[in-house]
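Peer 1: dropping a prediction and its sequence here:
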Amino acid sequence: MALLELRRVTMRFGGLTSVSDLDLDVDPGQVVALIGPNGAGKTTAFNVVTGVYAPTEGSIRFAGREIAGRRPHEISRLGVARTFQNIRLFRGLTAAENVRVALAAAKRSGLFDVLRPGSWRRQETTLCAEAVGLLERLGLSHVADTAAGSLPYGDQRLLEIARALATRPRLLLLDEPAAGMNPSEKQDLGALVARLRAEFGLAIVLIEHDVRFVMDLAERVSVLDHGEKIAEGPPEAVRRDPAVIEAYLGAPDAGGAPA
Amino acid sequence: MSSKRVAAFALVAIVLLALDAWLPSWLNPYYATIVTRIGIAVVAAVSLQLVNGFTGQFSIGHAGFMAVGAYTSAAFSVYVGAGWLESLLGLLPAPLARSLFYPLVLASGGLAAAVAGFVVGIPALRLRGDYLAIATLGFAEVIRIAILNVDAVGGARGFSIHAAEHPAADLRFEGFGAVYAVVVVTIVVVARLVYSSGGLSFRAVREDEVAATSIGIATTRIKVEAFVVASFFAGVAGALFAHSEGYVHTNSFAFLRSFEIVVFVVLGGLGSITGAVLAAAVLTAAPELLRGLGEWRMVLYSLLLIGTMLLRPQGLLGNREIDLGWLRKRFG
């Protein structure tokens, strides 16, 4: 059974249909890439899955449970984590605190746990150790005590992934994780994504513009254009699909100037 | 509990007892009043810091919750507590009877304010920024005007904390013990809340709400929690104020009072507990110490505020704390 199942999901904002009749399946442990030109509805699809928007129509099932229209923090607690296209870290907190707050939120320690003397201290020690461990796995331990807002761009992207992992997700949504990275950083990121999937047994959906980056990484590629899925399949097949080439480059015989 | 903690508790208790027993006899009543008011200002400022500084919500109605606490505790003392205190005084030595009685009074004020904070917080905290500020300000005024029209607590005449039918029970708080015990508890609780992993949620909400929900933080819940805790301590501060003065009037909780507390928080540095303590202490003492200047007093006070904001726009301490780590770095 698929871990994530979108059926005929439609998201309209007034007269604008941003995502239209989208079907998408992600199996446990699978890496799926979502590609498409600007404005194709990729990020909106993420926002609908994570509860930022409630879909206008359609059903979204995660691990067999209907999650369409549930609130973002509830969906996160079910095991869906994400990163953002325009990095959203807690800039005033240190890297370690960014991870720690997510670990604590996943444990759902309440207001009154904090005021209980013994268990509080024990929990603090465990959480700090876990945070350091996670940062280490992403190669960020040297910046643990640096304010997130003053980290270099690449580290900020990694830290966002670390924070997402801290919620112990089963599905990770990465919104353009390679944006703004140079080729060697991209290569490292690709290796990291493959490793995360193996180590954490994660299913990963990633949005990406760089088709080459996606080719080696994803088992399956779904292509969106104007909110509709125009192609889906193994990377190589999708790459040769005429509909995809048209979406990206325009039709060869369209006559008018390409947009 | 470790021996270190026991020692810390003992030290705090001894200091408080010393303050309580020795300082009032040595200080003249005028300075004693200032010392008490500093303590109350610190409690109000540190509790508001939780909402404004750490959770990033801009509330400017803190005096409203102080009023709820002040009047509820005063009514409790006069109508219920006086009889209890009288019987307690008959059974136990006076200091013991009072130290059993005071927490009840403070709790009545704190709990009433916490309930008010919950009721106001749930709708108000869905608003952001300016809108939240106006809603909290409006609420504080509503509370004040409402109390002004309740005859049981004196209405416009104010309310004297004195029960005629229980002459033996002096309901006024004396000494600094109660005030500074509350100061210590407030600082410890707020520090615990915001500097633990669970409490990082408060600052996460301040930094980025969308990201906070994406990692499973229920942001509205966190805001309401901060608001309720802050209201509780504001209510306790109000109860302290009422019982150290022996008389309450709604004028003490007008919007200028709310504003004053916001000034403590901003001037001390948003996101700094020790900053709030420092600013509350200095700015409560300053108008009194400047009294020699006659009518120039408030001019100088204002200049002090303007100057600080020009030189330290991030507040006296920014978002740093003067804690053990800081002291070690400076002097260790």
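Peer 2: That came in fine, so what should we check first?
Peer 1: pick out the residue of the stretch 151-259 of chain A closest to chain B.
Peer 2: Closest to chain B within the stretch 151-259 of chain A is A:T167: 5.2 Å, counting by CB to the nearest CB. Placement of C-beta: from N, CA and C, glycine included.
Peer 1: B:A212 is in contact with that residue, correct?
Peer 2: No: at 11.6 Å, A:T167 does not count as touching B:A212 under the criterion of CB atoms under 8 Å.
Peer 1: the more surrounded of those two?
Peer 2: B:A212 (28 against 21; other CB atoms under 10 Å in any protein chain shown).
Peer 1: chain neighbours aside, what residue packs nearest to the more buried one?
Peer 2: Using CB to CB, 6 or more residues apart in numbering or on different chains and skipping the chain neighbours, the partner closest in space to B:A212 is B:A204 (4.4 Å).
Peer 1: what does the stretch 151-259 of chain A have sitting close to chain B?
Peer 2: By the rule CB under 8 Å from any CB of the partner chain, the part of the stretch 151-259 of chain A lying against chain B is A:R163, A:A164, A:A166, A:T167.
Peer 1: can I assume the residue nearest to B:A212 sits in a helix?
Peer 2: Yes: counting by DSSP: H, G, I helix; E, B strand; the rest coil, one finds B:A204 located in a helix.
Peer 1: gap between it and B:I122?
Peer 2: 20 Å (CB to CB, to the nearest Å).
Peer 1: so between the two, which is more surrounded?
Peer 2: The neighbour count for B:A204 versus B:I122, taken as other CB under 10 Å, is higher for B:A204 (29 against 15).
Peer 1: pLDDT below threshold where in the chain?
Peer 2: Let's take chain A. Filtered on pLDDT under 70, chain A yields the residue ranges A:108-118, A:251-259.
Peer 1: other chain: chain B
Peer 2: Looking at chain B by pLDDT under 70, you get B:1-5, B:21, B:23-24, B:332.
Peer 1: buried ones in stretch A:60-70?
Peer 2: Buried residues in stretch A:60-70, counted by 16 or more other CB atoms under 10 Å in any protein chain shown: A:I60, A:R61, A:F62, A:A63, A:I67, A:A68, A:R70.
Peer 1: farthest-apart pair in those, please.
Peer 2: Largest separation among the buried residues of stretch A:60-70 by CB to CB: A:A63 and A:A68, giving 13.9 Å.
Peer 1: correct me, but B:F76 touches B:V105?
Peer 2: Yes: taking contacts as CB under 8 Å, B:F76 lies within contact range of B:V105: 6.4 Å.
Peer 1: need the contact list for the spatially most central residue of chain B.
Peer 2: In chain B, the centroid-proximal residue (CA atoms, centre = their mean) is B:A44; its distance is 2.4 Å. Contacts here follow CB atoms under 8 Å, 6 or more residues apart in numbering or on different chains; on that basis B:A44 touches B:H62, B:M66, B:F233, B:A234, B:A237, B:I261, B:F264, B:A280.
Peer 1: got those as TSV, with secondary structure and neighbour count columns?
Peer 2: TSV is the format used below for these (DSSP: H, G, I helix; E, B strand; the rest coil; neighbours: other CB atoms under 10 Å in any protein chain shown):
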residue	secondary structure	neighbour count
B:H62	helix	33
B:M66	helix	34
B:F233	helix	29
B:A234	helix	34
B:A237	helix	35
B:I261	helix	26
B:F264	helix	28
B:A280	helix	30
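Peer 1: ok, the residues you listed vs chain A, which is closest?
Peer 2: Comparing the contacts of B:A44 against chain A with CB to the nearest CB places B:F233 closest, at 13.4 Å.
Peer 1: could you verify my assumption that A:L171 touches A:L78?
Peer 2: No: between A:L171 and A:L78 no contact is recorded; they are 9.2 Å apart, counting by CB under 8 Å.
Peer 1: so between these two, which is more surrounded?
Peer 2: A:L171 (23 against 16).
Peer 1: ranges for the strands of the chain?
Peer 2: This is for chain A. With DSSP state E as the definition, chain A shows strands at residue ranges A:4-13, A:16-26, A:31-35, A:57-62, A:65-66, A:80-82, A:171-175, A:203-207, A:220-225, A:228-233.
Peer 1: chain B was what I was after
Peer 2: Using DSSP E, strands in chain B cover B:159-160, B:247-248.
Peer 1: please identify the deepest-packed of those strands.
Peer 2: strand B:247-248 (a mean of 20; mean count of other CB atoms under 10 Å in any protein chain shown).
Peer 1: which residues touch that one?
Peer 2: With CB under 8 Å, 6+ apart as the criterion, strand B:247-248 contacts B:A70, B:Y71, B:A74, B:V153, B:G154, B:G158, B:F159, B:S160, B:I161, B:F241, B:A242.
Peer 1: got the buried residues for the longest helix seen in chain B?
Peer 2: Scanning chain B for the helix with the most residues, using DSSP state H, yields helix B:94-124. Judged by neighbour count using 16+ other CB under 10 Å, the buried positions of helix B:94-124 are B:97-98, B:101-102, B:105-117, B:120-121, B:124.
Peer 1: state the distance from B:A276 to A:D241.
Peer 2: 62 Å.
Peer 1: which one is the most centrally placed residue in chain A nearest to, not counting chain neighbours?
Peer 2: Nearest to the mean C-alpha position of chain A, by CA atoms, centre = their mean, lies A:L173 at 1.8 Å. Nearest residue to A:L173, sequence neighbours excluded (CB to CB, 6+ apart): A:R82, at 4.1 Å.
Peer 1: on that earlier part again, now for A:L171 and A:L78: what residues contact both?
Peer 2: By CB under 8 Å, 6+ apart, the residues touching both A:L171 and A:L78 are A:F62.
Peer 1: quick one: the top helix by length along chain A near chain B?
Peer 2: Longest helix in chain A, counting residues (DSSP H): helix A:117-137. Yes: Helix A:117-137 reaches chain B (CB under 8 Å from any CB) through A:P117, A:W120, A:Q123, A:E124, A:L127, A:C128.
Peer 1: more crowded one of B:A276 and A:D241?
Peer 2: Between B:A276 and A:D241, B:A276 has the larger neighbour count (other CB under 10 Å), namely 34 against 16.
Peer 1: residues from chain B in reach of chain A?
Peer 2: So chain B meets chain A at B:1, B:5, B:189, B:192-193, B:196-201, B:203-204, B:206-208, B:210-219, B:225, B:229, B:271, B:319 (CB under 8 Å from any CB).
Peer 1: close enough to count as contact, B:A112 and B:A74?
Peer 2: No: at 10.8 Å, B:A112 does not count as touching B:A74 under the criterion of CB under 8 Å.
Peer 1: number of nearby residues for residue 8?
Peer 2: I'll assume chain A. 12.
Peer 1: I was after chain B.
Peer 2: The burial count for B:A8: 11, using other CB under 10 Å.
Peer 1: what do you get for B:P93?
Peer 2: B:P93 has 8 nearby residues by other CB under 10 Å.
Peer 1: where's it relative to chain A, distance?
Peer 2: 31 Å (CB to the nearest CB, to the nearest Å).
Peer 1: distance from the chain centre to stretch A:132-145, please.
Peer 2: Centroid separation between stretch A:132-145 and its chain, computed with CA atoms, centre = their mean, to the nearest Å, is 20 Å.
Peer 1: need the residues that contact that stretch.
Peer 2: Contacts of stretch A:132-145 (CB under 8 Å, 6+ apart): A:94-96, A:99, A:103, A:131, A:151, A:155, A:158-159, A:161-162, A:165-166, A:192, A:199.
Peer 1: I appreciate the help and will end here.
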